[in-house]
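With the sequence up front, the predicted model follows.
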Amino acid sequence: MSIFNIDKKINKIIGKEDRRTLDNLGKRKFEFGGGIDFNHKGVERIEVYRGKTDELDLPPDFEIGYHTHLSGLVAPSATDIHSIMASPNQQAEIIVGPQKSLLIIKTQKFKTWYNANKNRLDMYQHQHIQKYKTKQKIAIAWIRFLKSKGLLMKIYKRGVPIKFGGVRTIE
Ligand SMILES: [Zn+2]
């Protein structure tokens, strides 16, 4: 499964209406976040919390977390990665910006790498910040680095339904 692709065997869709909700939260002046819960038909519930969402614990039956980035840059911080990896039932995270969102799906390959490297993750992020000149370049290189370690990531433009596989429904 190491070459598993985000688009393969699509079994989850965040449709236009739910996407509009997330996009609108991404335009607000406060940070928002929460969980997206699926049943076998699709999205069942979206939780909305206002405020810093770094350490938000999702209920055990929520498959996906999301949070907004006020900067508009949707690359995950090292803190984001730590928090995603700390909740075992969470399988994916969406980072929502005003113009685009980033879907991140955990994989076994990344879990293995993370467990061996979690103490170095902040340092790796810092190295990217030092090496690249602009925030945009840092974000691109950092996303490429995390992908190379096994994290699946895909950017979706505003308004476009988010379709993906690799996430199972938790009843
Ligand atoms: Zn974040």
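Now that the structure is in, tell me what you want to look at. Residues are numbered from 1 along each chain as shown.

from here on, contacts and neighbour counts on C-alpha atoms
Fine.

mind listing what the residue positioned nearest the centre of the chain touches?
Residue closest to the average C-alpha location in the chain (Cα atoms, centre = their mean): residue 93, at 2.8 Å. Residues in contact with residue 93 (Cα atoms under 8 Å, 6 or more residues apart in numbering) are 64-67, 84, 103-105.

And for residue 107?
150-152.

Next up, phi/psi of it, please.
Per-residue torsions, residue 107: phi -130, psi 160 (degrees, to the nearest 10).

Also the one 4 residues further on?
Recorded main-chain torsions at residue 111 are phi -60, psi -40, according to degrees, to the nearest 10.

Pull the number of nearby residues for it.
Here the number of neighbours of residue 111 (other Cα atoms under 10 Å) works out to 16.

Any figure for the gap between it and residue 152?
In this structure, residue 111 lies at 12 Å from residue 152, with Cα to Cα, to the nearest Å as the measure.

ok, which stretches of this structure are strands?
Remark: strands assigned in the chain by DSSP state E are 12-14, 32-39, 42-46, 49-50, 64-68, 92-96, 100-105, 152-157, 162-164.

need those strands in JSON lines with distance to residue 80 and mean pLDDT, can you?
As requested, the strands of the chain are arranged in JSON lines below (distance: least, Cα to Cα, whole Å; pLDDT from 0 to 100):
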{"stretch": "strand 12-14", "distance to residue 80": "21", "mean pLDDT": "95"}
{"stretch": "strand 32-39", "distance to residue 80": "12", "mean pLDDT": "95"}
{"stretch": "strand 42-46", "distance to residue 80": "19", "mean pLDDT": "95"}
{"stretch": "strand 49-50", "distance to residue 80": "16", "mean pLDDT": "94"}
{"stretch": "strand 64-68", "distance to residue 80": "9", "mean pLDDT": "96"}
{"stretch": "strand 92-96", "distance to residue 80": "9", "mean pLDDT": "96"}
{"stretch": "strand 100-105", "distance to residue 80": "11", "mean pLDDT": "97"}
{"stretch": "strand 152-157", "distance to residue 80": "14", "mean pLDDT": "96"}
{"stretch": "strand 162-164", "distance to residue 80": "20", "mean pLDDT": "94"}
